[in-house]
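Asks: following is a predicted model, sequence given first.
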Amino acid sequence: MRRTKSQNHNREWTPAQNTDQETSLLEIIEENSQLPEEDQARYQHLLHMCKNETLSDDELTEYQTLLHQLEIRNLKRIEALMALAQIKGKRHRK
């Protein structure tokens, strides 16, 4: 079965494109590794209070909001890690 020109182009990813895509993915991974500094500090404080069972209702709501934001960031980070692993895997199979 013959491949069309566009099929061959999609299959042949150049190293320069990999580098750009990898750089972008690494930035996403780093950016989403934790909350912004102030929010991360607050989250850590609230987490400590949660473990000690000393959160007020308002603090619990704030903790849950920050936890949700962190979960979203973790999902984005994991998706970027998976995409990066696919790129690396394709490179090693050649």
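Replies: Looks like it arrived, so ask away.
Asks: from here on, just use CA atoms for contacts and neighbour counts.
Replies: Will do.
Asks: measure Arg42 to Asp20 for me?
Replies: Arg42 sits at a distance of 34 Å from Asp20 (criterion: Cα to Cα, to the nearest Å).
Asks: of the two, who's got more company?
Replies: Taking neighbours as other Cα atoms under 10 Å, Arg42 and Asp20 compare with Arg42 leading, 16 against 11.
Asks: helix or strand: which one has the more buried one?
Replies: Assigned by DSSP states H and E, Arg42 belongs to helix 37-51.
Asks: OK, contacts around Leu66?
Replies: 39, 43 (Cα atoms under 8 Å, 6 or more residues apart in numbering).
Asks: state the distance from it to Ser24.
Replies: Separation of Leu66 from Ser24 (Cα to Cα) stands at 25 Å.
Asks: try Asp39
Replies: Counting by Cα to Cα, the gap from Asp39 to Ser24 is 24 Å.
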